[in-house]
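# Structure for this input, please:
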Amino acid sequence: MSMTEFLSIAPESSFEAVRRMIGQRRSARLALLLPDGWLELSNVARSRLLLRQAEAQRCQLAIITTHRATHDACRQVGLPVFARAEKAENDRWRMEPVFQTVDPRNPAAALPEPPPWRRKDEVRRIARPTLFAARQERIRQEEPFRKGTPLWMAWAGNLLMGGLIMLVLGAFTWYVLPAATVTLVPGTQTLTTDVQLAAVIGLTEPDPAQALLPARTVKIDIEETGSAPTTGSAQKATDKAVGEVIFSNLGSAPVNIPAGTSVSTSTGTPVQFRTVRDALLESGVGTRVTVPIEALEPGIEGNVRSGTINTVSGPLRFRLRVSNSSGTFGGGAQLVPVVTQEDRDKLVAELQLRAEARAYEMLVAELEPGEWLPPESVQTFVVAQSFDQYNDEEAEFVGATVRILAQGMAVTEADAAGVILAEVESQVPALAKVVADSIRVQRQPGGDFLGTSVGFTMTVIADYTTPIDPQEVRRAVAGLPPDEASTLVQERWYLQQPPDIFLDPAWRGVLPDIGNRIQVRIELDE
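I've put the predicted structure just below:
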């Protein structure tokens, strides 16, 4: 039992390199492991060469591959093919050459037997007649049936042939020889039109018939911070009112009045005061003592009239009576700036305008290549706001930070160009065509924004011309005089100048009847 040797082929190896590797092996059984994508054995000719190399080495050769074309080519010549190396480990497989084995030491042994007339021993017995001898024999056999042509008939035939040739030459000179060159310079007409377009969110394909364009929403967040002077004003208490009150004893025992004893008015909104020093009220009903006071809160509210302070607060209210013989004075206030809701709203509106001013450029930066953003579709929304001052709080300035959502509708320029071109082509004459490079588009200011769509107007200026088909020109002017041909061409096609018609020769005075003899040259104006 002989073992099978496995030979792995590198992916970059060529067919000739594999043949040399097989020639260097001395194994009786050899299996080639072909890498994936190696296609050098995918045809029958190379597979047969590899088989013959194995025969010359007197070894059994197998192929291991999963490629279908290589598998089929090797099977056709008799090479065993396996999908996995495990199946080639046994010694039960053999090559089954479809063609007869060629002995390299005697290659002629595999050739078929030559025909009898090619064998050396038969050449002398078998004589093959040449084609020349057979042809001469047929000529000799046909000689008795040939008769000479009469002289008059030969002359008549020559005259007839000569007249026919002269007739053909005359027709050629009159109809075919004349040629003409028609030079045309195409002209253009200008078309100016307004195209109403609408970009719609959710539309997947452009609709040229309705002038609708698909659009997608583009969003960004913008944060603006700023401040503004306040416009509100309010009275701010500055000084406390002062004065004197008289305490009267309601009992017979002395009363100690500590500093800070609270007294107040009793009519209207009570105004609170407090004593500013300790006092001792002598014993006996009706005894009195005068004590200085000041208002608890600053402001003009502390300036009260005489006889209005008559209430004692606290535990002394049952032992004392209080009154003021004169009014209090000195309570003051001044106007100070304060924050109002109008200030805050105005600042938010200003920050929103500032965000709107740069929202378009920021949205344009978010566009994909080939997209365009109609300015009318840009919207801004305040989604969050914060302030550094509250309403009615004293401040000369109020600051705010506003987060704004900006969104717009992006339109693909190719879609817009296609719809515009379709609209322009529908307005040109039937036989005319738009010159694509001549289209100029300008958007008119303003537009209609309706939530999920935006409408805008584009002013389009385009040139159009009538395409000139040289073959059609030939058919139209063939056989016509130059003046009629020039008029006909100018009526049919837009030309920058009258056509230039040249006849060669000009003896007939008309263009050739054969269209192929008319050369049409189209010169494009730069």
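# remind me which residues of the chain are low pLDDT?
Where the chain drops to pLDDT under 70, the residues are 1-2, 99-130, 144-149, 173-176, 525-526.
# Can you show me the helices along it?
15-24, 44-57, 68-77, 131-142, 151-171, 341-365, 413-425, 470-477, 482-492 (DSSP state H).
# Between those helices, which one is closest to residue 253.
Among those, helix 341-365 comes nearest to residue 253, with 58.1 Å by C-beta to C-beta. (C-beta placed from N, C-alpha, C; glycine too.)
# so can I have JSON lines of the helices of the chain showing distance to residue 266 and mean neighbour count?
Shown next, in JSON lines, are the helices of the chain (distance: least, C-beta to C-beta, whole Å; neighbours: other C-beta atoms under 10 Å):
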{"stretch": "helix 15-24", "distance to residue 266": "122", "mean neighbour count": "14"}
{"stretch": "helix 44-57", "distance to residue 266": "125", "mean neighbour count": "18"}
{"stretch": "helix 68-77", "distance to residue 266": "114", "mean neighbour count": "18"}
{"stretch": "helix 131-142", "distance to residue 266": "157", "mean neighbour count": "9"}
{"stretch": "helix 151-171", "distance to residue 266": "141", "mean neighbour count": "10"}
{"stretch": "helix 341-365", "distance to residue 266": "37", "mean neighbour count": "16"}
{"stretch": "helix 413-425", "distance to residue 266": "82", "mean neighbour count": "17"}
{"stretch": "helix 470-477", "distance to residue 266": "115", "mean neighbour count": "17"}
{"stretch": "helix 482-492", "distance to residue 266": "112", "mean neighbour count": "15"}
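# Save those helices as a markdown table, and put in distance to residue 216 too.
Listed next are these as a markdown table, based on distance: least, C-beta to C-beta, whole Å:
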| stretch | distance to residue 216 |
| --- | --- |
| helix 15-24 | 55 |
| helix 44-57 | 56 |
| helix 68-77 | 46 |
| helix 131-142 | 84 |
| helix 151-171 | 71 |
| helix 341-365 | 12 |
| helix 413-425 | 11 |
| helix 470-477 | 46 |
| helix 482-492 | 47 |
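# Give me the buried positions along the top strand by length along the chain.
Counting by DSSP state E, the longest strand found in the chain is strand 212-229. Buried residues in strand 212-229, counting neighbours by 16 or more other C-beta atoms under 10 Å, are found at 212, 213, 214, 215, 216, 218, 222, 224, 227, 228.
# What is it packed up against?
Counting contacts by 3 or more C-beta pairs under 8 Å, 6 or more residues apart in numbering; DSSP states H and E, strand 212-229 is packed against strand 189-201, helix 341-365, strand 397-412, helix 413-425.
# CA atoms of that strand as PDB?
Provided in PDB are the C-alpha atoms of strand 212-229 (Å, rounded to 0.1, in the frame of the first residue of the first chain):
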ATOM      1  CA  LEU A 212     -43.600  68.600  -6.300                       C
ATOM      2  CA  LEU A 213     -40.200  67.800  -4.700                       C
ATOM      3  CA  PRO A 214     -39.400  65.400  -1.900                       C
ATOM      4  CA  ALA A 215     -37.900  67.100   1.200                       C
ATOM      5  CA  ARG A 216     -36.500  66.000   4.500                       C
ATOM      6  CA  THR A 217     -36.400  67.800   7.800                       C
ATOM      7  CA  VAL A 218     -33.100  69.200   9.100                       C
ATOM      8  CA  LYS A 219     -32.900  70.200  12.800                       C
ATOM      9  CA  ILE A 220     -30.300  71.800  15.100                       C
ATOM     10  CA  ASP A 221     -30.300  73.200  18.600                       C
ATOM     11  CA  ILE A 222     -29.100  76.800  19.200                       C
ATOM     12  CA  GLU A 223     -28.300  78.300  22.500                       C
ATOM     13  CA  GLU A 224     -28.400  82.100  22.900                       C
ATOM     14  CA  THR A 225     -27.400  84.100  26.000                       C
ATOM     15  CA  GLY A 226     -27.900  87.800  26.500                       C
ATOM     16  CA  SER A 227     -29.100  90.600  28.800                       C
ATOM     17  CA  ALA A 228     -31.200  93.800  28.500                       C
ATOM     18  CA  PRO A 229     -31.800  96.800  30.700                       C
END
